[in-house]
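Asks: What follows is a protein structure lacking sequence information:
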């Protein structure tokens, strides 16, 4: 099993990050690395390697998710703007590669934000977060659960199936 | 005028990169930095700051563009996979910021590719291109026009308006 297959397996079995919620086609997971508060991975619910092969209804669902997740994050943490990336680079370190379609969602902060007694800043604001060479912040499970609960105060995933995990 | 406003102004007046083609809602521009052969910027044709505010028809048009651009790039240069990013970071170096909605499209290459007598490689394949600290490759206008012409052999933007620049 490649790193990426394993990654999707861990996502599906809730071993990677905290599942925040889901829509019809996508899982929203709080990423383990919270240097930028609210960083998520948004993973397609079926096996797919390429953005080109995304179905119309999956795109439409994603576009609604973008609106809802950005809006929730602004309300929860006063994020300034957001970075979205569909990369799948690490899957190609394996041979054969086994990418699983997912997006990186990184809230960006002009000003430091305080949450649950801790200050989160964004030292590379105005540039890629790849310039941040600080080690990932280690947060306890309880802390990550508090982040998730705070996001869920504002994240309204409407339809019946969408509400499963809220 | 901020850097980003200026950037969009330069895009619209064809001073930034080579315009490769357009769809109903998006411009496809060959980026000045061709360290990864075929790197493009895909910019929305109207003023908009946020991905959240993209209209349904702009998403639908974008999803078709992704399919066509990835397919063309595989045929033109045998790209292995692709990175897509919607960031707008540099706009936030200005106060007030003036982001203009655009995507970065970066073809990734497992193996070096030869085009027009020059070898292009992807030294950070399997990782973010942000790890590549090489200076941008300087290509002549003629060389960039050859890249554009080669992509256009394979890029089929269908509807009437889409074909304007092909």
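Replies: Sure thing, it's come through. Because the structure is predicted, anything quoted here is derived from the model rather than measured. Numbers count the residues shown, from 1 in each chain, chains lettered A, B, ... in the order given.
Asks: Next, give phi and psi for residue A:18.
Replies: phi -100, psi 120 (degrees, to the nearest 10).
Asks: pretty sure it is touching residue A:146, no?
Replies: No. With contact defined as Cβ atoms under 8 Å, residue A:18 does not count as touching residue A:146 (10.4 Å). The way it works is simple: take the backbone N, C-alpha and C, and place the C-beta from them, glycine included.
Asks: Is chain B within reach of stretch A:131-151?
Replies: Yes. Against chain B, stretch A:131-151 shows contacts by Cβ under 8 Å from any Cβ of the partner chain at residue A:131.
Asks: Buried residues of that stretch, list them for me.
Replies: A:139, A:143-144, A:146-148, A:150-151 (16 or more other Cβ atoms under 10 Å in any protein chain shown).
Asks: Can you give the contact residues for it?
Replies: Contact with stretch A:131-151 is made by A:18, A:20, A:30, A:32-35, A:37-38, A:72-73, A:76-77, A:115-116, A:118, A:120, A:123-124, B:130, as judged by Cβ atoms under 8 Å, 6 or more residues apart in numbering or on different chains.
Asks: residues in chain A within reach of chain B, list them.
Replies: So chain A meets chain B at A:50-52, A:54, A:56, A:59-60, A:63, A:66-67, A:70-71, A:80-90, A:92-93, A:97, A:99, A:108, A:110, A:125-128, A:130-131 (Cβ under 8 Å from any Cβ).
Asks: are any of those buried, and which?
Replies: A:51-52, A:54, A:59-60, A:63, A:66, A:70, A:80-90, A:92, A:97, A:99, A:108, A:110, A:125-128.
Asks: Filter these down to the ones in strands?
Replies: A:81-86, A:108 (DSSP state E).
Asks: would you list the residues you listed in CSV and tack on pLDDT?
Replies: CSV is the format used below for those (pLDDT from 0 to 100):
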residue, pLDDT
A:81, 98
A:82, 98
A:83, 98
A:84, 98
A:85, 98
A:86, 98
A:108, 98
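Asks: picking up where we left off before, out of the contacts of stretch A:131-151, which are inside helices?
Replies: Judged by DSSP state H, helices contain the following of the contacts of stretch A:131-151: A:72-73, A:76-77.
Asks: By neighbour count, which of those wins?
Replies: residue A:72 (23 neighbours; other Cβ atoms under 10 Å in any protein chain shown).
Asks: need the contact list for it.
Replies: A:151, A:154-156.
Asks: and with 10 Å instead?
Replies: Contacts for residue A:72 (Cβ atoms under 10 Å, 6 or more residues apart in numbering or on different chains) come out as A:20-21, A:28, A:38, A:79, A:150-157.
Asks: That one and chain B: what is the separation?
Replies: Relative to chain B, residue A:72 is positioned 11 Å away (Cβ to the nearest Cβ, to the nearest Å).
Asks: Off-centre distance for stretch A:138-157?
Replies: Its chain's C-alpha centre and that of stretch A:138-157 lie 12 Å apart, by Cα atoms, centre = their mean, to the nearest Å.
Asks: Now do it: distance from first to last residue.
Replies: For stretch A:138-157, the first-to-last residue distance is 29 Å (Cα to Cα, to the nearest Å).
Asks: low-scoring stretches of chain A, by residue?
Replies: A:1-8, A:11-14, A:159-166 (pLDDT under 70).
Asks: residue closest to the middle of it?
Replies: Nearest residue to the geometric centre of chain A (Cα atoms, centre = their mean): residue A:40, 1.6 Å.
Asks: right, and that residue touches residue A:79 too?
Replies: No. Look at residue A:40 against residue A:79 with Cβ atoms under 10 Å: they stay out of range, at 11.7 Å.
Asks: Common neighbours of the two, please.
Replies: Shared contacts of residue A:40 and residue A:79 (Cβ under 10 Å, 6+ apart): A:73, A:106-107.
Asks: next one: stretch A:86-102 to chain centre, how far?
Replies: 17 Å.
Asks: from memory residue A:102 sits against residue A:27, does it?
Replies: Yes. Between residue A:102 and residue A:27 there is a contact at 8.6 Å, judged by Cβ under 10 Å.
Asks: For the ones in strands among the buried ones among the residues of chain A next to chain B, please prepare TSV with the additional fields distance to residue A:44.
Replies: Output for those, formatted as TSV (distance: Cβ to Cβ, whole Å):
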residue	distance to residue A:44
A:81	24
A:82	19
A:83	19
A:84	14
A:85	15
A:86	10
A:108	24
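Asks: among the buried residues of stretch A:131-151, which are in helices?
Replies: Per DSSP H, the buried residues of stretch A:131-151 map to helices at A:143-144, A:146-148, A:150-151.
Asks: Buried ones among the contacts of stretch A:131-151?
Replies: Among the contacts of stretch A:131-151, those classed as buried by 16+ other Cβ under 10 Å are A:18, A:20, A:30, A:33-35, A:37-38, A:72-73, A:76-77, A:115, A:120, A:124.
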